[in-house]
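1. Compute the structure for the input listed below.
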Amino acid sequence: MTAALPLLSALGRAAVKYAEHGWYVFPLVPRQKEPLVAKGFLSATNDLEQVRAWWIRNPNANIGLWPGQSGLVVLDLDGPDGVAAAQRLGVLSEPTLECSTGRAEGGRHLYFKRPTFTVSNCELAPKLDVRGDAGYVVLPPSVHPTGRAYAWAGRVEDIKELTAEATAAIYSRQLGSLSGSADTQAKARDIVFEDALDEGGRNNALTRYAGRLLAKQVPEDEVLVVVSAINVAKCKPPLPQDEVNTLVASISRKENSKNVRLVTNETTPPAIPSPRELALEQIEGARAMLTRDVSQAPRWAWYDVDKLTGPMLPGDLIVVGALMGNGKSTLLMSQMDAFAAAKKSTLYIPLEIDAKVCRLRWAAWKLGLEVKHAIRQDWSRLPEGAQEAIDGVLEEQERGSYIHFARPKRMTFSTLIDWCRWSVEEAGASTVMLDHFHRLDFGSGAQFRIEVTEAARRLKDLARELNVVMIAAAQLNRASSDPIDQYCPPQLGRLKESGGIGEEADVVLMLSRRLKRDLPNHWTQDLRLGRLSEVDLAEPSTMVVTCRKHRLDDSALNCSAYLNVRNGKLENRSKWSGAA
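-> Presented below is the predicted three-dimensional model:
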């Protein structure tokens, strides 16, 4: 990295140095103050590769700083009036890091350590402004529109705490500014919000709130201050402000990408970068993969399956295939319940049964009851108190709302996209479970096979765009008349229209039963002659999970894990040592 720094301009090298110090920076229009990147200061980062890439593409870009996210607050003094106001607050009594801005009338930026409360843009006095969590400033050696360069006076080590007078003045101003403009207040009132949020639900609730405000076209800086105010008022305890900043910035980037089409029919091809820009872009992406946090990536609920496939990575498309009756629904229900227990927000898209039936089935499944008796209200077939027990589990689903069932049974791909985006923006979902892929509405035209293949590609693109794990159950081609077929792990080619979904999937798991080990000689002949039944062949209460594709790990191919099936639930055969 050090050897590559000379490739950067003086501005680029300075930006990298700031990022190395942990400051959040982003590029501005050369000799101006307007952002060069979408979402402005919310795009700021201290990721060195991203910063280098920005200034390689724009070597003369000015440097913007997001003070609040960098642990700073900046006082902007404009001329003699600003200096006089700063003196009254005592902020000039002891030197701190200072920057001259290049204004003809002598502008100054004074840097201080950020207080513990949210700091929005506000005016403390005429010609004395504050920049913190909801704004940005320009850093040296950027060039002011006057042609003068911004310049430092002092060192980073000189940055002081705000005086008590300045802290009190800024805090009092926040009380009036944190509600946003009148238009923002009106839009915010339209959104119903919970009374109080405990530690387990703060992130999801604030994510939903920010997403709704952004969807209403509320400016990003106002969304930040409003969500910050909600955090302080409703969250018990409040999230640290830097986490709120990161949350709003992340949702803002996702909102910005909503109008980007996954598949385009435009005839004008995108501009191709230079060879060097192309390489730098790809290397930047490769390095980002090495530094992303996958410690909280979803895991399979069973030790042997998790050991076989590894964690589910954001952007993965995982396909689960099985013949009818070989446990596809059992596996999905068990894994969904594990996600709920691990508090991982998940969208479940049931395309074979109604969502309300799914919730009843899940409740009955947890209690080891047959849901058909509950739906028919045949309580005599169930243990005493079954109705009250099921209702109790439904109440638990309401309190811990980590699983979200999509509403429509008939779904086009465009509707699927809408639901997936909703789950990420409103519920903070990290996983989508589609049951099942071949029940999507592909249309009834003559190009059905092409439509299915294209939908598989778009499903993978959607997982990447939303940065979620996509688990899709899939149909297999019709079973053969040979009863042994139920006991043979299906090959990849058994997937219905496998040319699309099999190629796009990152991992393909096939489910099957297991033959008993102590079958008599000539058992195949006895089976065909009717001397043995299929029940006689199966190892009881056993599911076989076979990996038929793994894009990252060839050693997993054609290997199997074995699970116990008990009361409709899957259990480990080996001791579990991981997390769901």
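
2. ok, now which ones touch the residue nearest to residue 486 when sequence neighbours are not counted?
-> Using Cβ to Cβ, 6 or more residues apart in numbering and skipping residues adjacent in sequence, the residue nearest residue 486 is residue 513, 5.4 Å away. For the C-beta atoms, the positions are set from N, CA and C on the backbone; glycine is no exception. Going by Cβ atoms under 8 Å, 6 or more residues apart in numbering, residue 513 touches 326, 486-487, 538-539, 542-544.

3. Now a PyMOL select for only the buried ones of these.
-> Buried residues within the contacts of residue 513, by 16 or more other Cβ atoms under 10 Å, are selected in PyMOL with:
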select buried, resi 326+486+487+542+543+544
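
4. which among the contacts of residue 513 gets closest to residue 334?
-> Closest approach to residue 334 among the contacts of residue 513 (Cβ to Cβ): residue 543, at 10.0 Å.

5. Name the helix or strand for the closest one, please.
-> Using DSSP states H and E, residue 543 sits within strand 542-550.

6. Find the helix or strand that residue 573 is a member of.
-> Using DSSP H and E, no helix or strand contains residue 573.

7. so the residue nearest to it when sequence neighbours are not counted, which of the three states?
-> Closest residue in space to residue 573, ignoring its immediate chain neighbours: residue 562 at 5.3 Å, by Cβ to Cβ, 6+ apart. Counting by DSSP: H, G, I helix; E, B strand; the rest coil, the backbone at residue 562 sits in strand.

8. who touches residue 562 in this structure?
-> Residue 562 neighbours (Cβ under 8 Å, 6+ apart): 304, 514, 542-545, 573.

9. how about those residues, which pair is most distant?
-> 304 and 514 (13.4 Å).

10. just to revisit the earlier point, can you tell me what sits against the strand holding residue 543?
-> Counting by Cβ under 8 Å, 6+ apart, 304-305, 308-309, 326-327, 330-331, 489-492, 502, 505-514, 556-565, 570 sit against strand 542-550.

11. Just checking the distance from that strand to the centre of its chain.
-> Centroid separation for strand 542-550 versus its chain: 27 Å, with Cα atoms, centre = their mean, to the nearest Å.

12. Run me through the strand neighbours of it, direction for each.
-> Take DSSP bridges as the rule and strand 542-550 pairs in its sheet with strand 507-512 (antiparallel), strand 560-566 (antiparallel).

13. deepest of those strands, which one?
-> Greatest average neighbour count among the strands paired with strand 542-550 goes to strand 507-512 (a mean of 24), per mean count of other Cβ atoms under 10 Å.

14. I'd like the next helix or strand past the longest helix seen in the chain.
-> Ranked by residue count, the top helix of the chain under DSSP state H comes out as helix 448-466. Helices and strands here follow DSSP H and E; after helix 448-466, the next one along the chain is strand 469-474.

15. Pull the contacting residues for residue 286.
-> For residue 286, no residue meets the contact criterion (Cβ under 8 Å, 6+ apart).

16. Domain map for this protein?
-> 2-163, 178-256, 312-352+409-510 (automatic domain parsing).

17. Including mean pLDDT and distance to residue 286, could these go into JSON lines?
-> Below are the domains of the chain laid out as JSON lines (pLDDT from 0 to 100; distance: least, Cβ to Cβ, whole Å):
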{"stretch": "domain 2-163", "mean pLDDT": "87", "distance to residue 286": "9"}
{"stretch": "domain 178-256", "mean pLDDT": "69", "distance to residue 286": "20"}
{"stretch": "domain 312-352+409-510", "mean pLDDT": "83", "distance to residue 286": "14"}
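
18. Output these as JSON lines; include the columns distance to residue 274.
-> Shown next, in JSON lines, are those (distance: least, Cβ to Cβ, whole Å):
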{"stretch": "domain 2-163", "distance to residue 274": "10"}
{"stretch": "domain 178-256", "distance to residue 274": "25"}
{"stretch": "domain 312-352+409-510", "distance to residue 274": "25"}
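
19. thinking again about what came up before, out of the strands paired with strand 542-550, nearest to residue 387?
-> strand 560-566 (24.0 Å).
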